[in-house]
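Student: One predicted model, sequence on top.
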Amino acid sequence: MTHTYNVTGMTCNGCKASVEKALQSIEHVTAVSVNLEQAEAQIDLSKPITIQQLQDGLPSKFTISKTEAAPNVLASVEVKSQWKQLFPLFLIFGYISAAAVLLNYKPWNTASFMLDFMGLFYIVFSFFKFLDLKGFSTSFKMYDPLAKAIPQYGLIYPFLELALGLLFLTRMQLPFALGATILILGITTIGVTKALLDKKAIQCACLGTALKLPMTKATFIENTIMLIMAVWMLIKMYN
């Protein structure tokens, strides 16, 4: 019997090899084929075994789940689990928003709020990427079109974020910073959109590899908010 499963947490060929080796060592598993880009594993079984048995056989950094549609109750559990996984992203987003509001609430200045928000966004998100620069680069090229074509781009991306964050916070070279934001986030958003449409179960690299976040609509919304702010500010600057 061949079954297909989603496996999250894989970021490189080393992860793929580790998953294959772990799964093949489980009793009743006769063959394993892992697709890194699709984040899927095809497993041949001589006897039915549970998801928990497969999960217990994997290192803790990987999570395995069935690809087939589940009953409504299980679907509800999966949604709750996804929101739990995304909680760190929403928490960081909330802190950044609150900090930008506090910097500009008296007197309120919408344009200044947006610039501070974008600056803090870049600074904070680049920090998490620097924690595992190589791991981020590997995860990033799984969905970013430019990183796929030029692998070195993933290694310099956090430095670009840090530089753009400093430009926004210091109000230096704003036209350049806004244009660069539209360009690099526009490219990334294209890749995120394609991954969501293809329903790929891959890891989002927005917070590096320190926090294992699934690629979801939240990633698309996060990028879109930044793009809208950048476009609005650029239009306002030249009107």
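Tutor: Right, received. Where do you want to start? Residues are numbered from 1 along each chain as shown.

Student: Number of residues surrounding the closest residue to F62 other than its chain neighbours?
Tutor: Residue nearest to F62 in three dimensions, not counting chain neighbours: G9, with 4.2 Å by C-beta to C-beta, 6 or more residues apart in numbering. Yep, even glycine has a C-beta here, placed from its N, CA and C like the rest. Using other C-beta atoms under 10 Å, G9 is surrounded by 20 other residues.

Student: mind listing the strands for the protein?
Tutor: Under the criterion DSSP state E, strands of the chain are mapped to 2-8, 29-35, 40-45, 63-66, 203-204, 213-214.

Student: Compile those strands into a markdown table and extend it with columns for distance to V192.
Tutor: A markdown table is the format used below for the strands of the chain (distance: least, C-beta to C-beta, whole Å):
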| stretch | distance to V192 |
| --- | --- |
| strand 2-8 | 16 |
| strand 29-35 | 20 |
| strand 40-45 | 19 |
| strand 63-66 | 20 |
| strand 203-204 | 8 |
| strand 213-214 | 12 |
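
Student: For the nearest residue to F113 once chain neighbours are set aside, give me its contacts.
Tutor: Leaving aside its chain neighbours, F113 sits nearest to N104 (4.3 Å; criterion: C-beta to C-beta, 6+ apart). By C-beta atoms under 8 Å, 6 or more residues apart in numbering, the contact set of N104 is T110, S112, F113, D116.

Student: now those as a markdown table including neighbour count?
Tutor: Shown next, in a markdown table, are these (neighbours: other C-beta atoms under 10 Å):
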| residue | neighbour count |
| --- | --- |
| T110 | 11 |
| S112 | 14 |
| F113 | 18 |
| D116 | 21 |
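
Student: From these, which land in helices?
Tutor: T110, S112, F113, D116 (DSSP state H).

Student: Relative to P107, how far out is the spatially closest residue to the last one that is not a sequence neighbour?
Tutor: By the measure of C-beta to C-beta, 6+ apart, the closest residue to D116 outside its immediate chain neighbours is A100, 4.3 Å from it. Going from A100 to P107 by C-beta to C-beta, to the nearest Å gives 15 Å.
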